[in-house]
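>>> Below: sequence and its predicted model.
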Amino acid sequence: MQSIINLYRNAYGGLSRDIWLLALTQFINRSGTMVIFFLSIYLQKELNFTYAQTGVVMAMFGAGSLLGVFVGGRLNDKLGYYPVMLYTLLSGGVMFFVVSMMESYAMLCVGMFLISALGEGFRPANMAAISYYSTPQNYTRAISLNRLAINLGFSFGPALGGILAASNYKLIFWADSITCIGAAAIVFFFLENKHHSSLAKPEKHEETKHTSPFNDKIFLMFLPIVTLYAISFFQFFTTMQLYYTNAEHLSETQTGLIMGLNGLLVAGIEMILVFKLEKRWSPFNFIALGALMLALCYIMLLFVSGIWWLLVIMIVISFSEMFAMPFMNTFMNSRSTGANKGQFASLYIMAWSVAQISVPIIATQTMEHYGYNALWILLAGVAMLVFGGVKMLEKMNARSINP
């Protein structure tokens, strides 16, 4: 028992007070992450939208994130992380409440676009703040702590969201609104607002890095790989709920519990996993392993069904996430400098946003016209493309370091 306690102490030790405050902000904010998990069910079950309309509304959520991360990254480099985080959280909280009153197709397209733009505008500033308050030695653990907070929130949010949705779908919008405003309060009252110029000092050896992400060919080739992984991964957390409801006949509460299991597993295991393994492999190997595990999940769906198998699949997805995502962040951060972290972060997050736009349309159209099995085969193929792309990028990166 003492060895386990020491393991957790070592994994979480050495991180600054501000890193922990950023994690607390994420936990409060993500504890309200309910709308996106239940949006597809809400649109079909409560508002009687078609598959096509549901896909477009959810794609507008992705389109908003694309704008949000681009503008958020630019604002971070101009203004600093503090005002960007504060005002995106506050305005996002207001928008969740406003959108809860909308029921028309056109208004919901606009509303979900704005909610996502504001919510995702927070992310480049948050990632930049993590890099400012961490060191190269503990950056991956700082990212993992941040993800731990996100996933603790995700484990709580969907489970509560399932209970709220079973009563009234409007409640999940209001819960998201309250948690956004609560996270803004943590930033305002507790996080130190350091002057931006003091945070943008050049890092040691930063002259070896690129001054712009658009001059970094390796990074630009990395971005479509991120997008393909995100397309394959996001389907489990956006339109998969339609399969749970229509094919597996699960209740909102059961769906929420499956979603919540992911957050619980990642929150409990990822920090230890990263602490024990991060020095043993390159980031490329971890990302490739995550892609293989994602492909395995879709292959399993071709042959199994029932809630217990769906729980097993969610466990495999969770390990895919734990292997791939922290090391994607680490690779992204390794390419940037102190003065342009917002630009690198915004392009990186935009790669995920492209997937958020693509997944709902691809998934709903494939479900409607070709069936679920066709979607599983397609996305397994996408995950294998990620594996091949990562291996190719690893060789290119090695040649660039040792020509």
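Yes, it's here. Since the structure is predicted, the reported quantities are computational estimates derived from the model, not experimental observations.
>>> dump the residue contacts of Leu302.
Contact partners of Leu302, counting by C-beta atoms under 8 Å, 6 or more residues apart in numbering, are 373, 376-377. Every C-beta, even on glycine, is put in place using the N, C-alpha and C of the backbone.
>>> could you redo the last one with a cut-off of 6 Å?
With C-beta atoms under 6 Å, 6 or more residues apart in numbering as the criterion, the residues that contact Leu302 are 373, 376.
>>> Look up phi and psi at it.
Leu302 has phi and psi values of phi -70, psi -20 when expressed as degrees, to the nearest 10.
>>> what residues are up against Leu289?
Applying C-beta under 6 Å, 6+ apart as the definition, the contact partners of Leu289 turn out to be Phe323.
>>> Where does it sit, in terms of helix or strand?
Counting by DSSP states H and E, the secondary-structure element that holds Leu289 is helix 283-301.
>>> cool, Gly256 as well?
helix 252-277.
>>> Measure how that helix sits relative to helix 283-301, angle-wise.
Counting by axes from the mean of the first three to the mean of the last three C-alpha atoms, to 10 degrees, helix 252-277 points 150 degrees away from the direction of helix 283-301.
>>> So for helix 252-277, what gets flagged as buried?
When burial is assessed from 16 or more other C-beta atoms under 10 Å, helix 252-277 yields the following buried residues: 252, 254-267, 270-275.
>>> Just the element for Gly182, please.
Using DSSP H and E, Gly182 sits within helix 170-190.
>>> outside of that helix, which residues touch it?
Residues from elsewhere that reach helix 170-190, judged by C-beta under 6 Å, 6+ apart: 21, 24-25, 28-29, 31-32, 34-35, 38, 85-86, 89-90, 92-93, 96-97, 100, 161, 164-165.
>>> Let's see that with 8 Å instead.
Contacts made with helix 170-190 from outside it, assessed by C-beta under 8 Å, 6+ apart, are listed as 21, 24-26, 28-35, 38, 42, 82, 85-86, 89-90, 92-94, 96-97, 99-100, 119, 157, 160-161, 164-165.
>>> how far off helix 252-277 does that helix point, in degrees?
Computed by the same axes, to 10 degrees, the angle separating helix 170-190 from helix 252-277 equals 40 degrees.
>>> Give me the distance from helix 170-190 to the chain's centre.
Distance of helix 170-190 from its chain centroid, counting by C-alpha atoms, centre = their mean, to the nearest Å, is 18 Å.
>>> what stretches of the protein score poorly on pLDDT?
1-12, 32-33, 193-211, 337-342, 402-403 (pLDDT under 70).
>>> How about the secondary structure of Ser305?
Three-state secondary structure (criterion: DSSP: H, G, I helix; E, B strand; the rest coil) places Ser305 in coil.
>>> Pull up the gap between it and Thr255, please.
Here Ser305 is placed at a distance of 15 Å from Thr255 (C-beta to C-beta, to the nearest Å).
>>> Show me which of the contacts of helix 170-190 are buried.
Members of the contacts of helix 170-190 that pass the buried threshold by neighbour count (16+ other C-beta under 10 Å) are listed as 21, 24-26, 28-35, 38, 42, 82, 85-86, 89-90, 92-93, 96-97, 99-100, 119, 157, 160-161, 164-165.
>>> The helix holding Gly256 packs against which elements?
When contacts are defined as 3 or more C-beta pairs under 8 Å, 6 or more residues apart in numbering; DSSP states H and E, helix 252-277 sits against helix 2-12, helix 35-41, helix 139-167, helix 240-246, helix 307-334.
>>> How about the residue most central in space within the chain: what's its closest non-neighbour residue?
The residue at the geometric middle of the chain, judged as the C-alpha nearest the mean C-alpha position with C-alpha atoms, centre = their mean, is Trp352 (7.7 Å). Closest residue in space to Trp352, ignoring its immediate chain neighbours: Ala230 at 4.7 Å, by C-beta to C-beta, 6 or more residues apart in numbering.
>>> Contact partners for the one you found?
Applying C-beta under 8 Å, 6+ apart, the residues contacting Ala230 are 351-352, 354-356, 359.
>>> For Pro283, state which of these is nearest.
Within the set of the contacts of Ala230, Ala351 lies nearest Pro283; the separation is 15.5 Å, counting by C-beta to C-beta.
>>> That closest one is in contact with Thr227, isn't it?
Yes - because the distance of 4.6 Å satisfies C-beta atoms under 8 Å, Ala351 is recorded as touching Thr227.
>>> where do the contact lists of these two overlap?
Listed as contacting both Ala351 and Thr227 by C-beta under 8 Å, 6+ apart is no residue at all.
>>> Spatially, what comes nearest to Lys45 if we skip its sequence neighbours?
Computed as C-beta to C-beta, 6+ apart, the closest residue to Lys45 that is not its neighbour in sequence is Thr245, at 7.7 Å.
>>> what's the burial count for the one you found?
Look at Thr245: counted by other C-beta atoms under 10 Å, it has 18 neighbours.
>>> Assess the claim that it and Thr255 are in contact.
Yes - using C-beta under 8 Å, Thr245 makes contact with Thr255 at a distance of 7.0 Å.
>>> Could you tell me which residues touch both of these two?
When contacts are counted by C-beta under 8 Å, 6+ apart, the set common to Thr245 and Thr255 consists of Ile41.
>>> Need the phi and psi values for Tyr51.
Listed backbone geometry of Tyr51 is phi -60, psi -40, with angles given as degrees, to the nearest 10.
>>> for it, what are its contacts?
By C-beta under 8 Å, 6+ apart, Tyr51 lies in contact with 44, 364-365, 367-368.
>>> ok, and the most crowded of these?
Neighbour counts for these peak at Thr364, which has 25 neighbours (criterion: other C-beta under 10 Å).
>>> distance of that residue from Ala380?
Taking C-beta to C-beta, one finds Thr364 at 18 Å from Ala380.
>>> how far does the helix or strand containing Ala129 sit from the chain's center?
Following DSSP H and E, the helix or strand that holds Ala129 is helix 105-133. Counting by C-alpha atoms, centre = their mean, helix 105-133 is centred 11 Å from the centre of its parent chain.
>>> Output the contacting helices and strands for that helix.
For helix 105-133, the contact count by 3+ C-beta pairs under 8 Å, 6+ apart identifies helix 17-30, helix 51-79, helix 81-99, helix 139-167, helix 307-334, helix 341-370 as packing neighbours.
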